[in-house]
Structures are given as structure tokens and as C-alpha cells.
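# Pasting the sequence and the predicted model now:
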Amino acid sequence: DDAVEACSLKPDWVKGHLRRGAALGAMRKHEEARKAYLRASQLEPHNAQVQKMLSDAAEAARKAAEEGKNWENDLWSDDDEESTGANEQQGR
């Protein structure tokens, strides 16, 4: 909440966006964190530390999206395994 307020009060303050990104990342809101770091990188495009934070957040967002897809696939694969197991038990 404080980082959001800081960004709204001083939208050109890079440190506010960095703090917002860090807070969002800690809450596992990686895509939102990436956007906060992107804004910081727009304000300071030659800052290597900001670029690294942006890159790390983008990678975390990509991994989180992949895990979300895998979770859905795992959900359906359990149903498939159960139906296969039931079919094997009926064949006994």
C-alpha cells in the first residue's frame, strides 16, 4: 500500500517503483512486479540494476505462468490415472 501511494504521489520517483516491484514479487504477483520494474526502467533506462530486476521479474512471471499451465494439466492427468486404475481393477 505504501509503495502504491508513493508511486501515485511521485510517479517519476524510481525508488517507489522499485519498492512496489519488490513488494509485489514477495507476494508472488510476478507479472505486476514486472510492470513496476518496467516503469522504473523507463525512468532510468541506463541503470543496470533496474534492468536486472526487470529481467528477473520477467523470468519469474514466465515461470509462474508455466507452473499455472502445468497445474491445470496435472489436475486433468490425475483424472486420467484414476479412470485407468479403475479399468485395470475391473479387468481382474
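That came through fine.

# give me the low-pLDDT residue ranges for the chain?
Residues of the chain meeting the criterion pLDDT under 70: 69-92.

# would you list every one of the strands in it?
Counting by DSSP state E, the chain has no strands to list.

# In it, which residue is most central in space?
What sits nearest the mean C-alpha location of the chain, by CA atoms, centre = their mean, is His30, with 2.3 Å.

# Help me confirm that that one comes into contact with Met53.
No - contact criterion CB atoms under 8 Å: His30 and Met53 do not qualify, at 11.9 Å. To be clear about C-beta, it is placed using only N, CA and C from the backbone, and glycine gets the same treatment.

# Tell me how many other residues surround Ala64.
Other residues within reach of Ala64 by the criterion other CB atoms under 10 Å amount to 13.

# same question, Ala33
25.

# residues contacting it?
When contacts are counted by CB atoms under 8 Å, 6 or more residues apart in numbering, Ala33 touches 20-22, 24-25, 57, 60-61.

# Gly21 too?
Counting by CB under 8 Å, 6+ apart, Gly21 has contacts 33-34, 36-37, 40, 53, 57.

# One more pass at 10 Å, please.
3, 29-30, 32-40, 50, 53-54, 56-57 (CB atoms under 10 Å, 6 or more residues apart in numbering).

# likewise Arg28?
For Arg28, the contacting residues are 60, 64, by CB under 10 Å, 6+ apart.

# mind running it again at 8 Å?
Contacts for Arg28 (CB under 8 Å, 6+ apart) come out as Ala64.

# With Pro45 as the reference, measure out to it.
Arg28 is 27 Å from Pro45, where distance means CB to CB, to the nearest Å.

# One more: Lys15?
16 Å.

# ok, back up a step: tell me the buried residues within the contacts of Gly21.
Buried members of the contacts of Gly21, scored by 16 or more other CB atoms under 10 Å, are 3, 29-30, 32-40, 50, 53-54, 56-57.
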